[in-house]
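Peer 1: Fold the following.
(one chain, ligands or ions: 2)
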Amino acid sequence: MLGKLNHVAIAVPDLAAAAATYGDVLGAKVSEPQPLPDHGVTVVFIDLGNSKVELLEPLGEDSPIAAFLEKNPAGGMHHVCYEVADILAARDRLVAAGARVLGDGQPKTGAHGKPVLFLHPKDFFGTLIELEQV
Ligand SMILES: CC[C@H](C(=O)O)C(=O)SCCNC(=O)CCNC(=O)[C@H](O)C(C)(C)COP(=O)(O)OP(=O)(O)OC[C@H]1O[C@@H](n2cnc3c(N)ncnc32)[C@H](O)[C@@H]1OP(=O)(O)O
Ligand SMILES: [Co+2]
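Peer 2: Ligands and ions are numbered 1, 2, ... in the order given. Predicted structure coming up:
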């Protein structure tokens, strides 16, 4: 069911500072900031060629990463995103296996304009998983 690693996400308290560090210190290719109000985050993508890093900063009230940053004020690894060919088939298989799909279980449109779902970190060894249909 699982395809490639699409991205690893890092929650940060200051997106501009984190993007500058990746660009200037690490010499990475850094995107413009992309506000995603439906997801409560602003994102910057770091293009690594074979995969991506997604830097996340809270946006608006009730951001899903606010509590995470309260516990990890300097920032930290937030989720991994795996590609799947059929997100509804993947969801149904995971639910049948007892995994918790977050939200209402319906895919939302993610940063790449593709359907995404999130899986509860407690069901996957303390790691929040995002699935993206490609
Ligand atoms: C889709 C747009 C973009 C893209 O790539 O296209 C993005 O990636 S947006 C990314 C941001 N969106 C989300 O994270 C959506 C899914 N997340 C959630 O629904 C919540 O954040 C959730 C359910 C993971 C946690 O929310 P909750 O309110 O339950 O927070 P708690 O602090 O109470 O956490 C409960 C429990 O889980 C542990 N936890 C929380 N977040 C993480 C994490 N990222 N990785 C590992 N573990 C996590 C937290 O520490 C608590 O554990 P406990 O032992 O009870 O302390
Ligand atoms: Co993501």
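
Peer 1: could you give me the average pLDDT of the longest strand along the chain?
Peer 2: Longest strand of the chain, by residue count under DSSP state E: strand 76-84. For strand 76-84, the mean pLDDT works out to 98.

Peer 1: Then stretch 34-46?
Peer 2: Averaging pLDDT along stretch 34-46 gives 98.

Peer 1: returning to that earlier point: what are the buried residues along the longest strand of the chain?
Peer 2: Judged by neighbour count (16 or more other CB atoms under 10 Å), strand 76-84 contains these buried residues: 78, 79, 81, 82, 83, 84. (Each C-beta comes from the backbone N, C-alpha and C, glycine too.)

Peer 1: What count of nearby residues applies to residue 68?
Peer 2: Counted by other CB atoms under 10 Å, the residues lying close to residue 68 total 19.

Peer 1: That one is in what secondary structure piece?
Peer 2: Element membership for residue 68 (DSSP states H and E) is helix 66-71.

Peer 1: Residue 32 contacts residue 44, correct?
Peer 2: Yes - in terms of CB atoms under 8 Å, residue 32 counts as a neighbour of residue 44; the distance is 7.5 Å.

Peer 1: and those two? which has more neighbours close in?
Peer 2: Neighbour count, other CB under 10 Å: between residue 32 and residue 44, residue 44 has more, with 23 against 7.
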